[in-house]
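1. Requesting a structural model of the entry that follows:
(4 chains)
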Number of protein chains: 2
Amino acid sequence: MTIDMQTQRAMTRGDEAIRSHSHAPRTDLGRVEIGLNAAIVAVSNNEPVALIVREEPDAAGATDGLPFGPFNPKTHRTLESGLRSWVQEQAGLDLGYAEQLYTFGDRGRHAEAGDTGPHVVSIGYLALTRVGESQPGVERGTWRSWYQFFPWEDWRKGRPQILESVVLPRLKEWADRPQRPGAPARPIQRADRVRMCFGTDGALWDEERVLDRYELLYEAGLVTEAMRDRPELTIPSTPSETFGSGMRFDHRRILATAIGRVRAKIKYRPVIFELMPDDFTLFELQRTVEAILGPHLHKQNFRRLVESAGLVEPTGEVRTRTGGRPAKLYRFRREVLLERPAPGVRVKANRV
Amino acid sequence: MTIDMQTQRAMTRGDEAIRSHSHAPRTDLGRVEIGLNAAIVAVSNNEPVALIVREEPDAAGATDGLPFGPFNPKTHRTLESGLRSWVQEQAGLDLGYAEQLYTFGDRGRHAEAGDTGPHVVSIGYLALTRVGESQPGVERGTWRSWYQFFPWEDWRKGRPQILESVVLPRLKEWADRPQRPGAPARPIQRADRVRMCFGTDGALWDEERVLDRYELLYEAGLVTEAMRDRPELTIPSTPSETFGSGMRFDHRRILATAIGRVRAKIKYRPVIFELMPDDFTLFELQRTVEAILGPHLHKQNFRRLVESAGLVEPTGEVRTRTGGRPAKLYRFRREVLLERPAPGVRVKANRV
DNA sequence: TTAAATGTGCTCAAACTGAGCATATATAAC
DNA sequence: GTTATATATGCTCAGTTTGAGCACATTTAA
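-> Numbering: from 1, shown residues only, chains lettered A, B, ... in the order given. As a prediction, the model looks like this:
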């Protein structure tokens, strides 16, 4: 029945409505608190990075997390302004481009010790910025490559070998395992999901499905957060660092959502230029796109693409420090926003 | 600075962090309540419809709204299961496909009389279904054409004349008006937004920008909800019904988000079949796509598209009641999900 | 001077797309 | 019955887009 794999996870049914709906003040609702989380992305030295803040270790020993804080309707005019406040306070960064990603609300998704207190619903945001754009010394977080948390997503040097050596064997084992002890194994469904998410057996790798892949690894109990949230599920195995560094709460999930969103979005919105300096060479632009997307692109076709799409215009200057023939400098052509409904770096996705 | 018009609205800055972040229980946060809202979409007689529930009139006299209710973390395991509960209770409908749309949290977006009580953050969901799929008599809402709320979105008979006759003149007037009394008029920016959103002056109409258009009309004070939320802004003018029926709270905004999402999504996910019966003719499929997207499609090319994409397969039967040569019946080919990363009805968007 | 690296222009075939012609087979009107 | 009309379906064909590569330019480093 379910078609969209992205929402499949949450499509459980059968809950009952408990109380009738009314506009009178409701008193028996559990307390809810809203957490605002920012996945702040930049590209530094051709490496895609996210801003990480470190705090006390959580239940699983993770210290890395995204900047976040609660939404306070008394002081935050909007959700987004609340987010900006927290980022400013925690990382000393003044956010530029930001967009909402998704709202995560499942209980048990980020079990904290004790798990008392209000239920926390996390609203994830994606922000794009340039490193070193803020006043120097103001930043308090550290920039870390996002591939540290998702090593299987780094296709810049071809298919990452960690897939063949570790990830796929463990997933295959999970797919073949009976779902409940005694129950008949249903390897078909799981195997198909692995196949589509990770592009095995002739299926194509879709670089946008970052969240699907993370969710699958979580479900298979392979990422450390899964062991944290469901200790009973832990099986002695490969050290969990093999499946990328863990993060606190559900921050890795939010980061996965963010990566998928940037990868999709640069194809139809010129957000790539949020990551670029004012002037750049076409090859620098290409390197940045590759850092985000993974696979490397055909150089001549890439320049044809961005030029014919009207995304850039030459500044008239050249940069000689390129190690070869001097490269013309370009800048983002803002007028493109007034000319086309969906301007972006329309590199072909791996879509048949 | 801002690039994505869709998030432009909320990109205000300058808020200050009020209190330092900590993991101790926070006590001085204003109360927050989460509302779950469902835009349930179907296609009935080639008309795209949404499930509307009627209640007491709100401040502006609107009685139409989407099924909704508060999220209760004590009883709802997930946000989505909470939504399903409310829809079940309020409309007697068992939801099939559902996906999260967006979380709206701005204060003042749906001013209620008095405006006391907790701050409500709305999480909007999109659901797709077939009419008459539920047990007969169980449904308590009414299905209403979504073009009743967004008449300017109906391009099935060409460019809707309401655009030339009413919408654009009023928007032009707004764009030319000085933003504050006495301040210099800045018609450029507003005029450009109108141009891109509504495809005037040579710009192309992008059928996916439903929310942008609604937001623009809201900002211009032309839709009735704007007058409700900011009464000082009301100017005696065209009856507000000209700009579509109003809805309670921010439900029309959520519906706009939903329409934009379906229009985008059917192009890369086979969700269109959530709206189709098991067996259908290709022309019926085309009519459904047209109901969603607006403009009419080239018939032969449409069938070439869906057949060559492997989205459908013939059932072997024909339907004679078509008023012409009998049409072959088709069904959705589920295997396509295992073959392609992003299968969908890839009709060309109005994207250059 | 040469090798190596990058930058830039151009070609060309394959695939895709938009548009239309032509024909098949029903129902409804006369 | 015959005809008008409506839908169904196959096919063509030119224009565009895309993937891949050749060729040459201009720099730095050895």
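
2. Could you pull out the buried residues of the helix of greatest length in chain A?
-> Secondary structure of chain A per DSSP state H: the longest helix is helix A:251-265. For helix A:251-265, the neighbour count (16 or more other Cβ atoms under 10 Å in any protein chain shown) marks A:251-265 as buried. Bear in mind the C-beta positions are built from the backbone N, C-alpha and C, glycine included.

3. can you give me how far that helix is from the chain middle?
-> 2 Å (Cα atoms, centre = their mean, to the nearest Å).

4. got the residues of the stretch 151-300 of chain A near DNA strand C?
-> A:281-283, A:299-300 (Cβ under 7 Å from any atom of the strand).

5. Of the residues you listed, which are in range of DNA strand D?
-> Contacts with DNA strand D within those, counted by Cβ under 7 Å from any atom of the strand: A:Gln300.

6. filter the residues of the stretch 151-300 of chain A next to DNA strand C to the buried ones?
-> Among these, those classed as buried by 16+ other Cβ under 10 Å are A:281-282.

7. Using a markdown table, lay out the residues of the stretch 151-300 of chain A next to DNA strand C together with secondary structure and pLDDT.
-> Converted to a markdown table, those look like this (DSSP: H, G, I helix; E, B strand; the rest coil; pLDDT from 0 to 100):
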| residue | secondary structure | pLDDT |
| --- | --- | --- |
| A:Thr281 | coil | 95 |
| A:Leu282 | helix | 96 |
| A:Phe283 | helix | 95 |
| A:Lys299 | helix | 95 |
| A:Gln300 | helix | 96 |
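
8. Looking at the residues of the stretch 151-300 of chain A next to DNA strand C, which is nearest DNA strand D?
-> Checking these against DNA strand D with Cβ to the nearest atom of the strand, the nearest one is A:Gln300 at 3.4 Å.

9. so where do the strands sit in the stretch 201-350 of chain A?
-> Using DSSP state E, counting those that start in this stretch, the strands of the stretch 201-350 of chain A run over A:312-319, A:327-332.

10. nearest to DNA strand D, of those?
-> Among these, the nearest to DNA strand D by Cβ to the nearest atom of the strand is strand A:312-319 (7.3 Å).

11. any weak-confidence spans in the stretch 151-300 of chain A?
-> Within the stretch 151-300 of chain A, the set of residues satisfying pLDDT under 70 comprises A:181-188, A:234-240.

12. which stretches of it form helices?
-> A:161-162, A:168-176, A:187-198, A:210-219, A:224-229, A:251-265, A:282-293, A:299-308 (DSSP state H, counting those that start in this stretch).

13. Go through the last one and flag the buried ones.
-> Think helix A:299-308. So helix A:299-308, judged by 16+ other Cβ under 10 Å, has buried residues A:302-303, A:305-306.

14. How about stretch A:268-283?
-> Neighbour-count burial for stretch A:268-283 flags A:268-276, A:280-282 (criterion: 16+ other Cβ under 10 Å).

15. the domain parsing of chain A - what is it?
-> Chain A resolves into domains spanning A:32-147, A:157-243, A:278-339 when parsed by automatic domain parsing.

16. end-to-end on the second one?
-> To tie it back to what came earlier, the one meant is domain A:157-243. End-to-end distance for domain A:157-243: 18 Å, by Cα to Cα, to the nearest Å.

17. do it and DNA strand D meet at all?
-> No. Domain A:157-243 does not reach DNA strand D (Cβ under 7 Å from any atom of the strand); its nearest approach is 12.5 Å.

18. Distance from that domain to the middle of the chain?
-> Relative to the chain's own centre, domain A:157-243 is displaced by 18 Å; criterion: Cα atoms, centre = their mean.

19. Which residues are in contact with A:Gly294?
-> A:153-156, A:207 (Cβ atoms under 8 Å, 6 or more residues apart in numbering or on different chains).

20. Pull up the gap between it and A:Gly65, please.
-> Plainly put, A:Gly294 is 25 Å away from A:Gly65 if you go by Cβ to Cβ, to the nearest Å.

21. same check, this time on A:Ile123
-> Distance from A:Ile123 to A:Gly65, by Cβ to Cβ: 15 Å.

22. Next: A:Gln148.
-> Taking Cβ to Cβ, one finds A:Gln148 at 14 Å from A:Gly65.

23. Show me which of these two is the more surrounded one.
-> Ranked by neighbour count (other Cβ atoms under 10 Å in any protein chain shown), A:Gln148 and A:Gly65 place A:Gly65 first, with 21 against 16.

24. How much space separates that one from DNA strand C?
-> From A:Gly65 across to DNA strand C, the span is 36 Å (Cβ to the nearest atom of the strand, to the nearest Å).

25. same deal with A:Cys197?
-> 23 Å.

26. Pretty sure that residue sits against A:Leu217.
-> No. Using Cβ atoms under 8 Å, A:Cys197 is not in contact with A:Leu217, being 9.1 Å away.

27. List the buried residues for the biggest strand by length in chain A?
-> Of all segments of type strand in chain A, defined using DSSP state E, the longest is strand A:32-44. If you call a residue buried by 16+ other Cβ under 10 Å, then strand A:32-44 has these buried ones: A:32-43.

28. Could you dump those into CSV and include distance to DNA strand D?
-> CSV is the format used below for those (distance: Cβ to the nearest atom of the strand, whole Å):
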residue, distance to DNA strand D
A:Val32, 45
A:Glu33, 46
A:Ile34, 41
A:Gly35, 40
A:Leu36, 38
A:Asn37, 35
A:Ala38, 33
A:Ala39, 29
A:Ile40, 31
A:Val41, 25
A:Ala42, 27
A:Val43, 23
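
29. which one among those residues gets closest to B:Pro48?
-> The nearest member of the buried residues of strand A:32-44 to B:Pro48, counting by Cβ to Cβ, is A:Ile34 at 32.5 Å.

30. ok, the closest residue to A:Phe280 other than its chain neighbours - how many residues close by?
-> Sequence neighbours aside, A:Tyr330 is the residue nearest to A:Phe280 in space, at 6.2 Å (criterion: Cβ to Cβ, 6 or more residues apart in numbering or on different chains). Neighbour count of A:Tyr330, defined by other Cβ under 10 Å: 23.

31. any idea how far A:Asp106 is from A:Tyr330?
-> From A:Tyr330 to A:Asp106 the distance is 45 Å (Cβ to Cβ).

32. same question, A:Asn301
-> With Cβ to Cβ as the criterion, A:Asn301 and A:Asp106 are 43 Å apart.

33. So is stretch A:157-164 next to chain B?
-> No. Judged by Cβ under 8 Å from any Cβ of the partner chain, stretch A:157-164 stays clear of chain B, getting no closer than 15.8 Å.

34. Which residues are in contact with A:Glu47?
-> Neighbouring residues of A:Glu47 by Cβ under 8 Å, 6+ apart: A:145, A:147, A:291.

35. again, 7 Å this time
-> A:145, A:291 (Cβ atoms under 7 Å, 6 or more residues apart in numbering or on different chains).

36. picking that back up, any idea how far the longest strand of chain A is from the middle of the chain?
-> On Cα atoms, centre = their mean, the centre of strand A:32-44 falls 10 Å from that of its chain.
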